[in-house]
Structure formats: structure tokens, C-alpha cells
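J.: Fold the following and give me the result.
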Amino acid sequence: MSLAQMKKSNSLDQLLGAAQSENQTQEKKSYKDERLWKPELDKTGNGYAVLRFLPAVEGENMPWAKLWNHAFQGPTGQWYIENSLTTLGNNDPVSEMNSAYWNSGVESDKEIARRQKRKLQYYSNIYVVSDSRHPEHEGKVFLFRYGKKIFDKLMESMQPAFEDETPVNPFDFWQGANFKLKIRKVDGYWNYDKSEFEAPSALFDNDDAIEEVWNKQYALNEFTAPTNFKSYDELKTRLSMVLAGTTTVGNVTTLMEDEPVLSTVTVDTKEEPAPTVTVNDDEEDTMDYFQKLAEDDGVGIVQNQHGRM
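T.: Below is the predicted model:
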């Protein structure tokens, strides 16, 4: 474009049109991970599906990935939704802060620690045997995100409590068992107590069909890869923004920009004290719930290809 053409053109209209188009495109974008299968409740508040947990993919040792994260809203109205470095066995600024709150001896501090506690999630490959709400999912391989209650069901099948029960590897193609996922709403929360395993059986009668399923499984290492986590300093900066720069523990106000004294704070990799919160920590859609709240407040939560938040 020449200078004369620029003088005659109405660049303002062009800029406004381009900006409006970008906004519309952004609104239409979906950041949903299509690899994830999620249960859906019916009108009565119940959910049912039959799943088969699948073994580890080639090159990986475990059929599940374990991930800790934090999701809470600060006094600024901003949200902190991040993977926790404690997943990797490293120090994490929120866990350090929560330890200080919990050890202050002040009940109001403990309540803050409860609200900011870590949340535990697992990821596994599944084969959907039956899904009446979405029959198009049947016969397909998905990733399944779930919480401690379902993980406990898996462990109970491998380590039964009673001597008349036979241990079962629920992740085995040939000697595993289908999992009947039964969800009820109890006091407003998703409850999985009725879920159970069927009798052990092979997923298919022929190994060719089994190998086809195995080849469609997804790698799980990406969920705990270091690239899936922000650095300590990045998390600390984000935490400072969410908490408006300062935190008060007991009678002491600590500036977030100060370096933590690591020798005085112990990062406990065990689960933090059970909270009294308004969201069920065992519901696998917990993170979706917090992301929806954040989006409703006008804060976009975007995951990259590694699932980083």
C-alpha cells in the first residue's frame, strides 16, 4: 500500500473488523480434550457405564498417571489453577504456604489451607464397553480421569480385604474384569459406592482384536512430564497475582516476592488434611468444575497440548 492509498483508506474500520473476527473465533474455540471420556448423568441424577481399564502402553510401566493440582480463587477474584510440583517430588509454593498456615495454630489459617489444598487425579486408558448416554463411544479407547474413590476400587480388586476373594488385575486384557461405573447424587455430590467389577474375563476372544485396542491407547507419561509443569518461580508469581501480593499467617504478613525459607517449611507429599469444601474432591470432574467457574468469571483457562494449565 502506498502512502496515498493509506491516506484514503479507512484503517479504523479494518482494525475493528479484524478485532471482532478474532474475538468471535476465540469464542468458538474449544479446548476440550477429545481423548477424555466423561460420564454423564441422566435426568434422575444417576450415571451408568461399563468400562475396561487397560494395561500400560509399550514403553511405560504403570497403567495410570498420578497428578496433584491446585484450584482455588483468591481475594482478587482471580483463579489459581495449576499443576503442583509435588507431583514430581519438588517444592511447590502453595504447599509451602499451606504448611505454614496449617502449623500456625490459628483455626482461620487452617481453613485457608483447606480451601487451597491439593487435589488428586488419576489418568488411565479405558475401553468403553457400554455407554447408554453416548453409544457412539462404545467400542472405542479413551483416557479416563478419575479420583481417589475409583482408584480405591481398583486397589481393592488387586488387594481384596477378605480371604474368600481372589485378587484380580483389573488392567489385564485376558484376566481382568469390566468395571460397572455407577454414579449417584448423594448430598449433591457424585458417589461411586455402588460401582463394582464383573467376573474376570478376557476383553475379546482373539488376540488380534486385543492388539488393535492396545495400539490405540494413549501414552500417560505426558501428564507427569516436567514440561507439563510451570517452574517454582512461575507458580510463585502467579500465586502472588491471585493473592494480591501478600499473605497473612497468624499475626505475620509475608510478602510473596520474598524468597521462602525452605529450611523452616516441610513439603509433605502425603495428602493434606481433609477439607470441608463445597466440591467433592473424589469427583473426576473437579477440575472441570473449577475451570467452568473461572470461565464464568471471565478468566480463560487454556490447556496446551501437554495439558498444562
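J.: what about the helices in this structure?
T.: Secondary structure of the chain (DSSP state H): helices at 3-8, 11-28, 93-102, 107-115, 148-158, 207-215, 232-242, 286-296.
J.: Pick out the shakiest of those helices, pLDDT-wise.
T.: Ranked by mean pLDDT, the helices of the chain end with helix 286-296 in last place, scoring a mean of 51.
J.: quick one: least confident helix or strand in the chain?
T.: strand 252-255 (a mean of 39; mean pLDDT, DSSP states H and E).
J.: Might one say that residue 101 is in contact with residue 112?
T.: Yes - Residue 101 is within contact range of residue 112, at 5.2 Å (criterion: Cβ atoms under 8 Å). Backbone N, C-alpha and C define where each C-beta goes, glycine included.
J.: more crowded one of the two?
T.: Using other Cβ atoms under 10 Å as the criterion, residue 101 and residue 112 rank with residue 101 on top: 22 against 19.
J.: Now do the same contact list for the more buried one.
T.: Going by Cβ atoms under 8 Å, 6 or more residues apart in numbering, residue 101 touches 109-110, 112-113, 116, 249.
J.: Throw those into TSV and include distance to residue 138, thanks.
T.: Supplementary listing: those in TSV, determined by distance: Cβ to Cβ, whole Å:
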residue	distance to residue 138
109	49
110	46
112	45
113	43
116	40
249	52
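J.: From these, pick the one nearest residue 210.
T.: residue 116 (44.0 Å; Cβ to Cβ).
J.: What does the pLDDT read for that closest one?
T.: 94.
J.: With residue 244 instead?
T.: So residue 244 comes in at 82 (pLDDT).
J.: repeat for residue 87
T.: The predicted local confidence for residue 87 is 97.
J.: What distance do you get for it to residue 107?
T.: Using Cβ to Cβ, to the nearest Å, residue 87 is found at 29 Å from residue 107.
J.: who's more crowded, the two?
T.: Taking other Cβ under 10 Å, residue 87 and residue 107 do not tie; residue 87 has more neighbours (21 against 7).
J.: Correct me if wrong: the more buried one contacts residue 224.
T.: Yes - taking contacts as Cβ under 8 Å, residue 87 lies within contact range of residue 224: 6.0 Å.
J.: who are the neighbours in contact with residue 154?
T.: 53, 170 are the contacts of residue 154 under Cβ under 8 Å, 6+ apart.
J.: same thing with the one 5 residues further on?
T.: In this structure, residue 159 makes contact with residue 167, judged by Cβ under 8 Å, 6+ apart.
J.: circling back to that earlier point, overlap in contacts, residue 87 and residue 224.
T.: In contact with both residue 87 and residue 224: 66-67, using Cβ under 8 Å, 6+ apart.
J.: Tell me which other helices or strands the longest strand seen in the chain touches.
T.: Using DSSP state E to define each element, the chain has its longest strand at strand 119-130. Helices and strands touching strand 119-130, by 3 or more Cβ pairs under 8 Å, 6 or more residues apart in numbering; DSSP states H and E, are strand 47-53, strand 65-73, strand 141-146, helix 148-158, helix 286-296.
J.: right, so of these, which gets closest to residue 127?
T.: strand 47-53 (4.3 Å).
J.: So what touches that closest one?
T.: Counting by Cβ under 8 Å, 6+ apart, 37, 39-41, 63, 124-133, 144, 154, 170-171, 176, 178-183, 190, 198, 203 sit against strand 47-53.
J.: Figure out how far it is from the centre of its chain.
T.: Its chain's C-alpha centre and that of strand 47-53 lie 19 Å apart, by Cα atoms, centre = their mean, to the nearest Å.
J.: Now do it and strand 119-130, the angle between them.
T.: 90 degrees (axes from the mean of the first three to the mean of the last three Cα atoms, to 10 degrees).
J.: Neighbouring strands - and their directions - for strand 47-53?
T.: Using DSSP bridges, the strands paired with strand 47-53 are strand 119-130 (antiparallel), strand 179-186 (antiparallel).
J.: how much does it deviate in direction from strand 141-146?
T.: 110 degrees.
J.: now strand 47-53 and helix 148-158, what's the angle there?
T.: Using the same axes, to 10 degrees: strand 47-53 against helix 148-158 is 50 degrees.
J.: Alright, I will stop here.
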